[in-house]
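*Asks:* just the structure for this:
(chains A and B)
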Number of protein chains: 2
Amino acid sequence: MKQIEGGVCAAKGFYANGVHCGIRRGREKRDLALIYSEYPASAAAVYTKNLVKGAPLAVTKANIADGSARAVICNSGNANTCNSNGIEIAEQTCALLAEKLGIEPSDVIVASTGVIGQPLDIAPIAAGIPPLCEGLVPDGSGLAAEAIMTTDTKIKSAAFAFDIGGTECRIGGIAKGSGMIHPNMATMLVFVTADCAITPQMLQKALSEDVKDSFNMISVDGDTSTNDMVSVMANGAAGNPVIDAEGADFDAFCEALAAVTKTLCKAIAADGEGATKLLECTVTGASDADSARAVAKSVVCSSLLKAAMFGADANWGRVLCAVGYSGVETDVTKIGVSFASAAGGIEVCRNGAGVDFSEEKAKEILSQGEIKINVSLGDGDASATAWGCDLTYDYVKINGDYRT
Amino acid sequence: MKQIEGGVCAAKGFYANGVHCGIRRGREKRDLALIYSEYPASAAAVYTKNLVKGAPLAVTKANIADGSARAVICNSGNANTCNSNGIEIAEQTCALLAEKLGIEPSDVIVASTGVIGQPLDIAPIAAGIPPLCEGLVPDGSGLAAEAIMTTDTKIKSAAFAFDIGGTECRIGGIAKGSGMIHPNMATMLVFVTADCAITPQMLQKALSEDVKDSFNMISVDGDTSTNDMVSVMANGAAGNPVIDAEGADFDAFCEALAAVTKTLCKAIAADGEGATKLLECTVTGASDADSARAVAKSVVCSSLLKAAMFGADANWGRVLCAVGYSGVETDVTKIGVSFASAAGGIEVCRNGAGVDFSEEKAKEILSQGEIKINVSLGDGDASATAWGCDLTYDYVKINGDYRT
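*Replies:* Residues are numbered from 1 along each chain as shown, chains lettered A, B, ... in the order given. Sure, this is the predicted structure:
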């Protein structure tokens, strides 16, 4: 498997585009994205567990109930959530796009991200769809990735080439992250495309398993969004024998999917609202995988630890505090903690108590852009990794006045 | 019932003091507090549910297992948590105090607050105990309240006079809050004193019920501390018939206890680290009390909403988002949201969708120091209130470099 360029257009038969249609007045950025497969594709998705769900999620869920899709359309600037006519607007969007592309409305995955509770006008979307479709290009992934950004500061994209039974396949994805990032069974918007042949059932199985260790393990601010969604389309253009059961081919696909999703996870966490640092907490020695995940996520979610990391302060007591309230039964006297980065590593806690360490060295390690927080529990063999970011002045600034 | 002055010294027979003994080098603030009852007192306490617990909690639990206590000693500047000799230091503290006061070590409630994981030296405490005891005064509540502060900016104190079966009784408390405030069955340090006669069993029952609607309903940053503790001592000096069962007298005591604890709750939330505003979320129309509590707490815990409140931005979609991930089953299309403060009230969401409102008026309302967020669910008759604060630049600043 090797990392390649191309994002959602890396896989054969996929085209993309992104245009400015004017969802939010006064902003000139691209705000309408399209991903299109020239072949019918198996489709799968996972959605937010927030009970308050964006209207597009319900429409997408109905549209891909048959396991197939041809296109993804996504606007930024308005979440189309908590609006009385939200479903209607999402359905109109699908219908207008399908008509222009000559496909069925039920083959459209529709998504929205932005402010909650403001009516979404169909007019700019209707006006944007023709140029959006006419401008579809085989190297348009960057345009689409830009169009789904809100407070994101960087495009998030990943793609890999890999082998299934001797056939070269490709898989790639784009993501929008930033704030309101604390996914539960899904995440902020992520669109993945692949050119493998795989049944919708096996595609859904692969995705549902994957998110447990990818998107469900990141947090920017503990707020689970109303519009989280990860979708995958696989169009079979690579020519591999259809994957319709578990086995070596399915494992190869899952491995490639995980390579894409984990790359996007790290990109989302590193570009969390206001973030200056990526935090990666790896828990080892847990009694089982769920315990390891719970502890790792508890650590990267701690506001106090996040602020300490911003200040490059090796306040490991906050790590132990977060382990303690994670809900996992553990023996405090066996816990070990170390910090590491490009500047080296340092042990700060052993058997639940502090060890002497150089504050100067710790400060140097924690001043890097990627910080690893390693927690060993001494309870078993399970491990897990979670990603987050530091809590900064800019997070407060960005969210103190988000709507204007 | 009427609010009075005096804090933990309002009740008859209680004395207090606070001195500087030098727990943290270079800081001149008072850091050692003492509360003393001249009569034996019934004692009860609740403790953090964090699995990582401060050593003083274990010692206190053992000491008041017999339901009685005479004194509270508390240091700030060091949490005495995750230290290999923590229990020993806490026991030495009790022994030194008991010797000086001529009481039993097992009649001492001991507590610590401050940095986790740094060894606590007994020397400054041993040196501080004599002046601490010699300076006990019947109006020393403010000195003790000051000595338990860490990043708190204000003394937190409350007291009420009330009537039990014709006898005037008094109850009062002091608290230390600020950061790492997200109590689970207890809270940061709170010490309550009362001069009623009440059995330890009934005192514990009153306290355990009370915290569900008081300290367990506040959050500053979602981090449940390792050292949370609320203790109550009731010494019977008022002369009321002993409360040894449920009934009118017990209810009168519970009402007075709630008056003290809720006053302290609001003071803790309003003085959360970096806070500029007190947030009070009241949920009505819930199907049961637990659901109402869960929704109210979810709202005041949302980092996004907290930052919006800092910016006086009426971003009510974040309220609905927090309701949605609270874990409570609810019908989104029945949710209503309004904001209120000293500047008036404004409805922003009805039946799960936005209503037209004046942004100018909303800004004025949200620019006040106390903001009420009212959420109606339309599911039943239960209600609950939670308290929190806004998320500000100063929270990040305070926690970016807490240890130095």
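
*Asks:* surely A:Val299 is within a strand?
*Replies:* No: using DSSP: H, G, I helix; E, B strand; the rest coil, the assignment for A:Val299 is helix, not a strand.

*Asks:* my read is that it contacts A:Val323, right?
*Replies:* Yes: contact criterion CB atoms under 8 Å: A:Val299 and A:Val323 qualify, at 6.8 Å. For glycine as for every other residue, the C-beta is placed from the backbone atoms N, C-alpha and C.

*Asks:* and the next helix or strand past whichever strand or helix holds A:Asn17?
*Replies:* Here A:Asn17 sits within strand A:14-19, counting by DSSP states H and E. Per DSSP H and E, the first helix or strand lying C-terminal to strand A:14-19 is strand A:32-47.

*Asks:* and that next one, what does it pack onto?
*Replies:* Here strand A:32-47 touches strand A:14-19, helix A:55-63, strand A:68-78, helix A:122-134, helix A:141-147, strand A:189-194, helix A:200-213, strand A:229-234, going by 3 or more CB pairs under 8 Å, 6 or more residues apart in numbering or on different chains; DSSP states H and E.

*Asks:* again, 6 Å this time
*Replies:* For strand A:32-47, the elements it packs on are strand A:14-19, strand A:68-78, helix A:122-134, helix A:141-147, helix A:200-213, strand A:229-234, judged by 3 or more CB pairs under 6 Å, 6 or more residues apart in numbering or on different chains; DSSP states H and E.

*Asks:* neighbouring contacts of the last one?
*Replies:* Looking back up the chat, that one is strand A:229-234. If you take CB atoms under 6 Å, 6 or more residues apart in numbering or on different chains as the criterion, strand A:229-234 is touched by A:37, A:41-47, A:57, A:69, A:109, A:111, A:186-187, A:189-194, A:196, A:198, A:203, A:207.

*Asks:* filter the residues you listed down to the buried ones.
*Replies:* Listed as buried from the contacts of strand A:229-234 are A:37, A:41-47, A:57, A:69, A:109, A:111, A:186-187, A:189-194, A:196, A:198, A:203, A:207; burial here means 16 or more other CB atoms under 10 Å in any protein chain shown.

*Asks:* any idea how far A:Met229 is from chain B?
*Replies:* As defined by CB to the nearest CB, to the nearest Å, A:Met229 lies at a distance of 15 Å from chain B.

*Asks:* can you count the residues close to the residue in the stretch 1-150 of chain A that chain B sits nearest to?
*Replies:* With CB to the nearest CB, the shortest gap between the stretch 1-150 of chain A and chain B falls at A:Ile116, namely 2.6 Å. Look at A:Ile116: counted by other CB atoms under 10 Å in any protein chain shown, it has 29 neighbours.

*Asks:* from B:Pro130, how far off is it?
*Replies:* 60 Å (CB to CB, to the nearest Å).

*Asks:* so who does the residue nearest to A:Gly336 when sequence neighbours are not counted touch?
*Replies:* Leaving aside its sequence neighbours, A:Gly336 sits nearest to A:Ser376 (CB to CB, 6 or more residues apart in numbering or on different chains; 4.3 Å). Neighbouring residues of A:Ser376 by CB under 6 Å, 6+ apart: A:Thr284, A:Gly285, A:Gly336.

*Asks:* surely the last one is in contact with A:Arg350?
*Replies:* Yes: the pair formed by A:Gly336 and A:Arg350 meets the contact definition of CB atoms under 6 Å, at 5.2 Å.

*Asks:* these two: which is more packed in?
*Replies:* More neighbours surround A:Gly336 than the other of A:Gly336 and A:Arg350, with 18 against 14 (other CB under 10 Å).

*Asks:* quick check: phi and psi on that one?
*Replies:* Phi and psi for A:Gly336, reported as degrees, to the nearest 10, are phi -120, psi 150.

*Asks:* state the distance from it to chain B.
*Replies:* Distance from A:Gly336 to chain B, counting by CB to the nearest CB: 12 Å.

*Asks:* tell me the domain ranges of chain A?
*Replies:* Here the domain parsing of chain A from automatic domain parsing is A:2-270, A:278-400.

*Asks:* just confirm A:Asp223 is within a strand.
*Replies:* No: membership of A:Asp223 in a strand is not supported by three-state DSSP, which gives coil.

*Asks:* so what's the residue of the stretch 1-150 of chain A closest to chain B closest to, chain neighbours aside?
*Replies:* Nearest non-adjacent residue to A:Ile116, counting by CB to CB, 6+ apart: B:Gly317, 2.6 Å away.

*Asks:* hmm, back to that, highest mean neighbour count out of the helices and strands packed on strand A:32-47?
*Replies:* Compared across the helices and strands packed on strand A:32-47, strand A:229-234 shows the largest average neighbour count, a mean of 29 (mean count of other CB atoms under 10 Å in any protein chain shown).

*Asks:* given it, what are its sheet partners and their directions?
*Replies:* When pairing is defined by DSSP bridges, strand A:229-234 lines up against strand A:32-47 (antiparallel), strand A:189-194 (parallel).

*Asks:* could you give the number of residues near A:Gly86?
*Replies:* With other CB under 10 Å as criterion, A:Gly86 counts 23.

*Asks:* so what's it closest to, chain neighbours aside?
*Replies:* Nearest to A:Gly86 is A:Ala55, by CB to CB, 6+ apart, at 2.9 Å.

*Asks:* gap between the most far-flung residue of chain A relative to its centre and chain B?
*Replies:* Ranked by distance from the centre of chain A (CA atoms, centre = their mean), the top residue is A:Asp356, with 38.3 Å. For A:Asp356, the distance to chain B equals 10 Å [CB to the nearest CB].

*Asks:* got phi/psi on that residue?
*Replies:* phi -60, psi 130.

*Asks:* shaky segments in the stretch 101-250 of chain A?
*Replies:* Within the stretch 101-250 of chain A, the segments meeting pLDDT under 70 span A:179-188, A:222.

*Asks:* what do you get if the cut-off is 90, keeping everything else the same?
*Replies:* For the stretch 101-250 of chain A, applying pLDDT under 90 flags the ranges A:113-118, A:149-156, A:165, A:175-197, A:199-233, A:235-239, A:241, A:245.

*Asks:* list the buried residues in the helix ranked longest in chain A.
*Replies:* As assigned by DSSP state H, the longest helix anywhere in chain A is helix A:248-270. By neighbour count on 16+ other CB under 10 Å, the buried set for helix A:248-270 is A:249-250, A:252-254, A:256-270.

*Asks:* repeat for stretch A:20-32
*Replies:* Those would be A:His20, A:Cys21, A:Gly22, A:Ile23, A:Arg24, A:Arg30, A:Asp31, A:Leu32, for stretch A:20-32 by 16+ other CB under 10 Å.

*Asks:* list the contacts for the third one?
*Replies:* A:Gly22 makes contact with A:Pro124, according to CB under 6 Å, 6+ apart.

*Asks:* before we move on, what about the fifth one?
*Replies:* By CB under 6 Å, 6+ apart, the residues touching A:Arg24 are A:Gly77.

*Asks:* look up how far A:Gly324 lies from the closest residue in space to A:Cys9 that isn't next to it in sequence.
*Replies:* Spatially, and ignoring its direct neighbours in sequence, A:Cys9 is nearest to A:Ser141 (4.4 Å; CB to CB, 6+ apart). From A:Ser141 across to A:Gly324, the span is 43 Å (CB to CB).

*Asks:* go on, A:Gly142?
*Replies:* To A:Gly324, A:Gly142 is 44 Å away according to CB to CB.

*Asks:* what's the closest residue in space to A:Glu359 that isn't next to it in sequence sitting at in phi/psi?
*Replies:* Excluding its sequence neighbours, the residue lying closest to A:Glu359 (CB to CB, 6+ apart) is A:Ala314, at 6.9 Å. Main-chain dihedrals, A:Ala314, degrees, to the nearest 10: phi -80, psi 50.
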